[in-house]
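Chemist: pasting the sequence and the predicted model now:
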Amino acid sequence: MEFDLLPEPFRFAGYGQDLEANLARAPVEVIRQCQAKRLLHVVRYAAETIPFYQDLWREAGADWRSVRSVDDLHDLPTWNVEHQRRNIEEKPPWGDCYNPEISDEIAMMLSTSGTTGTPRLFPVGYGDIPGMRDIMARCFHYLGLNNRDLLHVTFTYAPMGAAWAFTWAAQGAGIGLLPASSGRTTESRRQIDLIRRAGVTVLAGTASFLTRLAEVAVEEGQDPSAWKVRKIVIAGELASVGVRAKLESLWNAPVYDLFGSVDTLTWSSIDCEASRCAHGAIGAHIWQDACEIEVLDPEGNQVPDGEYGEMCITSWVWRSSPKIRFRSGDLVGVERSQCSCGRTLARMLPPRGRVDHVIRMRATSIHPMAIEQAILDAAPGCTEWIAEALQEAGSDRLRVTIETETPSDEALRSTVQAALRAKLNLGMIDIVLSPPHGTAELTGSGREPKVKRVFDRRLS
Ligand SMILES: [Zn+2]
């Protein structure tokens, strides 16, 4: 049978040699033609069936018929989570950014946590799951997973999307599943026991939690590097080069980053072997038959390749609610030159956090990832930390607390302080050393699925 790169709308080809040849290693022009076909379809579909886009585009005076390729995307307005929140409040319970038929086919109701405003509801239809499963199962096969693998999922089985996406994907790819959930549901020692006794071969979770699991095992006198775990898939949280390297060595297994979001229910990119070897530094390949990622400056203009800005995604994975020019708030870059692995698919450079998590002090913007890398360069192994922006006597200061086995080591403290001041080009940095687990209460490390490390206390 002839290979079909674009099967029916909202479905995606599986992983294999054909996909490598016809998409991942195809000439860039071929990839763009494939995107144009899907874009034409999804824009028409949105204009004809989704009230939210009908209103958004009419109000912006945008003509959707002018969009013929990804180059024309700027003809359409962008929107973000604030638009969505207003839309949900005006049209409860979940707004009108859906094909109205969703009400008759709900498979699952997901929701955000609501820590930043009203929780947003996300209905997922039975018709939505096959396409999402296509992309996720593709990611697993791309990593070489197969029916002999057992996948241990540590994302929370809750109304958040990640655990369910991994579950659909494992089922779509024919991979065994161990639904462990987070440390709150299945305590760390019990998770370790499960991983060892069940012979888990693949771990999925945030880098911080999987690091913590290995450390707990070591503290118990066990050696997780000798167990059967052969691949680690991280998602849902930023992980610096140093954190990834530490995770690989603790488990003695390669670490691959998978990028997705609950707003789009699209797993848009995944590390190739070349990116894995660089601990993510060269960027993860984007499945461009499923989405297009633009990078925008605060004025909404596209930034040059390789430069950072806000992620703006157009994704035709979620059948009931495709996202067209959705500004996600993630600080990312996209590199479109050919990868050293030979693939021509564009790459998403390592996310540097949220556009609104960047701390601004004086005229400097400080990204959470820059702080983490500076700490690791100065004090290898110090992966647990927090940074707090404070105001003292009318001036801004950044207080960075790092965990160490030797919290009274004054030489270490002054070395790290000098290194961070130089690296971040900021004089007002103070370092505090804390014994192990001293920052866990604030970050939620080992307990929460996503840790929080940067706190701006000048606002409160
Ligand atoms: Zn590559």
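Modeler: Alright, I've got the coordinates.
Chemist: so what's the residue count around the closest residue in space to residue 326 that isn't next to it in sequence?
Modeler: Counting by Cβ to Cβ, 6 or more residues apart in numbering, residue 313 is the residue found nearest to residue 326 once chain neighbours are left out, at 5.4 Å. Quick note: C-beta positions are derived from backbone N, CA and C, even for glycine. When neighbours are counted by other Cβ atoms under 10 Å, residue 313 registers 22.
Chemist: just residue 101 next, same as before
Modeler: Neighbour count for residue 101, taken as other Cβ under 10 Å: 12.
Chemist: list the contacts of it.
Modeler: Residues near residue 101 by Cβ atoms under 8 Å, 6 or more residues apart in numbering: 125, 320.
Chemist: please report phi then psi for it.
Modeler: Residue 101 adopts backbone torsions of phi -70, psi -10, taken as degrees, to the nearest 10.
Chemist: before we move on, what about residue 234?
Modeler: Torsion angles, degrees, to the nearest 10, at residue 234: phi -110, psi 150.
Chemist: average pLDDT across the host helix or strand of residue 53?
Modeler: Element membership of residue 53 [criterion: DSSP states H and E] is helix 51-59. In this model, helix 51-59 carries a mean pLDDT of 97.
Chemist: just checking, what packs against that helix?
Modeler: helix 28-49 (3 or more Cβ pairs under 8 Å, 6 or more residues apart in numbering; DSSP states H and E).
Chemist: okay, the helix it packs on in PDB with CA atoms only?
Modeler: Taking C-alpha atoms only, helix 28-49 is exported to PDB below (Å, rounded to 0.1, in the frame of the first residue of the first chain):
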ATOM      1  CA  VAL A  28      11.700  21.600   3.400                       C
ATOM      2  CA  GLU A  29       9.400  22.500   0.400                       C
ATOM      3  CA  VAL A  30       7.700  19.100   0.700                       C
ATOM      4  CA  ILE A  31       7.100  19.700   4.400                       C
ATOM      5  CA  ARG A  32       5.600  23.100   3.700                       C
ATOM      6  CA  GLN A  33       3.300  21.800   1.000                       C
ATOM      7  CA  CYS A  34       2.000  19.200   3.500                       C
ATOM      8  CA  GLN A  35       1.400  22.000   6.100                       C
ATOM      9  CA  ALA A  36      -0.300  24.100   3.500                       C
ATOM     10  CA  LYS A  37      -2.800  21.300   2.700                       C
ATOM     11  CA  ARG A  38      -3.700  20.800   6.400                       C
ATOM     12  CA  LEU A  39      -3.800  24.600   7.000                       C
ATOM     13  CA  LEU A  40      -6.200  25.200   4.200                       C
ATOM     14  CA  HIS A  41      -8.500  22.500   5.600                       C
ATOM     15  CA  VAL A  42      -8.400  23.500   9.200                       C
ATOM     16  CA  VAL A  43      -8.900  27.200   8.500                       C
ATOM     17  CA  ARG A  44     -12.000  26.500   6.400                       C
ATOM     18  CA  TYR A  45     -13.200  24.000   9.100                       C
ATOM     19  CA  ALA A  46     -12.800  26.700  11.800                       C
ATOM     20  CA  ALA A  47     -14.500  29.400   9.800                       C
ATOM     21  CA  GLU A  48     -17.500  27.100   9.000                       C
ATOM     22  CA  THR A  49     -18.000  25.400  12.300                       C
END
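Chemist: show me the contact partners of it.
Modeler: Applying Cβ under 8 Å, 6+ apart, the external contacts of helix 28-49 come out as 5-6, 9, 22-23, 53-54, 57, 64, 67-70, 73, 76, 99-100, 288-289, 292, 314, 316, 322, 324, 336, 344-345.
Chemist: can you rerun that using 6 Å?
Modeler: Applying Cβ atoms under 6 Å, 6 or more residues apart in numbering, the external contacts of helix 28-49 come out as 5, 9, 53, 64, 67, 69-70, 99, 288-289, 292, 316, 322, 324, 344.
Chemist: same check on stretch 252-259?
Modeler: By Cβ under 6 Å, 6+ apart, the residues outside stretch 252-259 that reach it are 139, 143, 225, 229-235, 244, 247-248, 267-271, 276, 280, 284.
Chemist: what about these, which are in strands?
Modeler: 231, 232, 233, 234, 267, 268, 269, 270, 284 (DSSP state E).
Chemist: residue contacts, the fourth one?
Modeler: Read that as residue 234. 207, 255, 257.
Chemist: quick one: it from the ion, how far?
Modeler: Distance of residue 234 to the ion, given as Cβ to the ion, to the nearest Å: 17 Å.
Chemist: for residue 175, see how far away that residue is.
Modeler: Noted for residue 234: a distance of 17 Å to residue 175, by Cβ to Cβ, to the nearest Å.
Chemist: re the thing from before, could you point out which element follows the helix holding residue 53?
Modeler: On the C-terminal side of helix 51-59, the closest following helix or strand by DSSP H and E is strand 79-80.
Chemist: mean confidence score for that following strand?
Modeler: Strand 79-80 comes out at a mean pLDDT of 95.
Chemist: from the chain's centroid, how far away is the helix or strand following that strand?
Modeler: Per DSSP H and E, strand 79-80 leads on to helix 81-90 as the next helix or strand towards the C-terminus. Distance of helix 81-90 from its chain centroid, counting by Cα atoms, centre = their mean, to the nearest Å, is 22 Å.
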